[in-house]
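A.B. asks: After the sequence you'll find the predicted model.
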Amino acid sequence: MGRYFAVRIGRAALTIVLVVTFAFIVLRLSGDPALMILGPEAPPEVLAAFRKAWGLDDPIWAQYFDYFGAIARGELGRSMRDGRPAIELVLERIPATLALTLPAFFFKVALGVPAGIYAALHRGSGIDRAVMMTAVAGFTVPSFVLALLLVLVFAVQLGWLPSGGQDSWRHAILPIATLSLGGAAVLARFTRSAMLEVLGQPYIRAASAKGVPWRKVVTSHALPNAAIPTVTILGFMVGTLIAGAVVVESVFAWPGVGRLLVVAVANRDLAVVQCILLLVAMTMVTSNLIVDFLYGFLDPRLRSKGAHA
Amino acid sequence: MTPLVSIEDLRVAFNGVPVLRGVDIALQKGEAVGLVGESGSGKSVTWLAALGLLPRHAQVSGSVRLDGRQILGAPAGELDQVRGGRIAMIFQDPASALNPVLTIRRQLCEALVLHRDLQGNAVKAEARRLLDLVGIPDAGRRLEAYPHEFSGGQVQRIMIAMALAGNPDLLIADEPTTALDATIQAQILELLSTVRRELGMAMVLISHDLGVVAENCDRVAVMYAGRIVEQAPSIQLFADPVHPYAQGLIGALPPLDGPRRRLTAIPGTVPDPAHMPGGCAFAPRCSLVAEACGLAAPTLAPIADDRSVACIRAEASRRALLGIAAE
């Protein structure tokens, strides 16, 4: 068991290093931050001074090692735009993002999982078909389309809710709804197919043959098995809590991490972008690790395999 | 005497395709009956239907009585009492018939709590006793293990323990040894007949292995294409099969003694359930077929005290077997 997780943690660390490296390379190759920030009309000596100040005139490998050395010391650099520490800029946006993504996560689970279970238990019924049609729609419609659709109906036509901004809790309703519906659809589909797969297993019939009432067959035999694949997708959703709202925050002008990312990329504000990517990579990797732990908890077969590994 | 279980005219169809076409069979208390036939002949479906274990889209009709009481279409609560409590069932692939994420203790105690008036420590003690009974060593510790930690033969023993948990009057063993090694097969069959003798339990042994059935059952019913075509005491059926299909099955077995002979095969294949021939389903493959065979499906009719056969050519078929020239 210990080695199983040591391997996983090592892999997680490697993933973070790769993400950071990739971000570094792509951003350095995609344009000159000095030009982006100071503008093409800036005098050459100003540009040169800016490059020198930020270390942009060093060879790229030197920048890379400096950057990693800094991260190892816990220094994530300063925003090139306003000189504040990048981490500060990012951290102050996190509450706004979580104010959308945490309730959305709750609604995804609260809607998607029961809908999927119900659909599987009543396979082929009208409700099953309705749930699946909604799920396919929610699954295929991109979130910006859904967001605009909701704005059109509830903000423009009905005038019930504001279309953007962050002034009151009412401003959060449409972004949360956008995030929840798409996620709930994905979860409903996953849960339904996991549940159908389990319900077709011989041990379900064997439990019925023992005289276990159907309700109990579902709760104590089917659900614990269907939870295993469902946890995978839940882990993925936890991983997107920080950065999962880039599009939705942009549409609704919500000042969260996602919008900060969009602005920072547009401005080539390297330190901020790297800081966000590092944070996202870390949440993703952490939630994957949690999923691995949960597998061990949910599935005794993995537990003993881990013990032998 | 009221039979323990009597099934009459049991019919099952999936999406309009009939797979059971009127099954009649009765079982006495403590009796061991073998049910043989090819895959798809309806051996398992008969008992799954009787216990209401078929998927919802299956259309089931007919009558299944337990101690004279109708259980086909009985309310769920009543069926839950019958399943495991009166009639228990074990399955072909034991490894997949146990829930992989629950301990043996939970699965075994579940059955005990449902069907026996046991509480607290008594449940666990009984679970341990059952594991001992079916020959799982170190039962106390093994209760906390998960199904994947046992071998195939052990898992089938655990399934048997679970089936015994409710003190059933009838055990349906659906191909209990098909998925196991030959040596383990013998042990499991031995265990089944031991517990059956000790507990006075009736048993239906579903198998396509005639040898297994001959050794373990008092009586045999042969199924073909969703019907029982012949039933007889085991000894008689093997010595003197009447239905041409039963003759074919037994003719295909190599004899242990006597001169070596060429094994006979039944020509043709089992008819597709969606396109059953009119009349006798076996007629297209039968060497004794007469014109009347294509007109109506023969009913299972008694030919002796405890034998019955569904064949209008039964007499001719018997003569053919005995080498008496047909007039």
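C.D. replies: That came through, no problem. Predicted model, so just to flag it, every value in this text is computed and none were measured.
A.B. asks: Could you look up the SS state of the residue most central in space within chain B?
C.D. replies: In chain B, the residue lying closest to the centroid (C-alpha atoms, centre = their mean) is B:I206, at 2.8 Å. Under DSSP: H, G, I helix; E, B strand; the rest coil, B:I206 falls in the strand class.
A.B. asks: distance between the ends of stretch B:103-123?
C.D. replies: Distance across stretch B:103-123, first residue to last, is 15 Å (C-alpha to C-alpha, to the nearest Å).
A.B. asks: Which phi and psi values does the nearest residue in space to B:L108 that is not next to it in sequence adopt?
C.D. replies: Nearest residue to B:L108, sequence neighbours excluded (C-beta to C-beta, 6 or more residues apart in numbering or on different chains): B:A127, at 4.5 Å. For the C-beta atoms, the positions are set from N, CA and C on the backbone; glycine is no exception. When read as degrees, to the nearest 10, the backbone of B:A127 gives phi -60, psi -40.
A.B. asks: re earlier: would you mind naming the residues that bridge with the residue nearest to the centre of chain B?
C.D. replies: Beta-bridge pairing of B:I206 under DSSP bridges involves B:L35, B:D174.
A.B. asks: so who does the residue nearest to B:L108 touch?
C.D. replies: Each residue near B:A127 by C-beta atoms under 8 Å, 6 or more residues apart in numbering or on different chains is listed here: B:R105, B:L108, B:C109, B:L112, B:L143, B:A161, B:A165.
A.B. asks: can you tell me which two in those residues are farthest apart?
C.D. replies: B:L143 and B:A165 (12.9 Å; C-beta to C-beta).
A.B. asks: Which one of the two is surrounded by more residues?
C.D. replies: B:A165 (28 against 21; other C-beta atoms under 10 Å in any protein chain shown).
A.B. asks: Now for the closest residue to the more buried one other than its chain neighbours, how many residues are close by?
C.D. replies: Computed as C-beta to C-beta, 6+ apart, the closest residue to B:A165 that is not its neighbour in sequence is B:A111, at 3.8 Å. Neighbour count for B:A111, taken as other C-beta under 10 Å: 25.
A.B. asks: Quick check: the gap between B:A111 and B:D80.
C.D. replies: From B:A111 over to B:D80 the distance is 11 Å, taken as C-beta to C-beta, to the nearest Å.
A.B. asks: Common neighbours of the two, please.
C.D. replies: With C-beta under 8 Å, 6+ apart, B:A111 and B:D80 have common neighbours A:G211, A:V212.
A.B. asks: re the thing from before, for the contacts of B:A127, pick the one with the most neighbours.
C.D. replies: In terms of neighbours by other C-beta under 10 Å, the contacts of B:A127 top out with B:A165 at 28 neighbours.
A.B. asks: Now, the contacts of B:A127 that are in helices?
C.D. replies: Counted as lying in helices by DSSP state H, out of the contacts of B:A127, are B:R105, B:L108, B:C109, B:L112, B:A161.
A.B. asks: Need the pLDDT of whichever residue of the stretch 101-250 of chain A sits closest to chain B.
C.D. replies: Distances between the stretch 101-250 of chain A and chain B by C-beta to the nearest C-beta are smallest at A:G211, namely 3.3 Å. Note for A:G211: predicted pLDDT of 91.
A.B. asks: Now name the helix or strand holding it.
C.D. replies: Counting by DSSP states H and E, no helix or strand carries A:G211.
A.B. asks: Contact partners for the residue nearest to it when sequence neighbours are not counted?
C.D. replies: Closest residue in space to A:G211, ignoring its immediate chain neighbours: B:G84 at 3.3 Å, by C-beta to C-beta, 6+ apart. Contacts for B:G84 (C-beta under 8 Å, 6+ apart) come out as A:A209, A:K210, A:G211, A:V212, B:A111, B:L114, B:H115, B:A163, B:A165, B:G166, B:P168.
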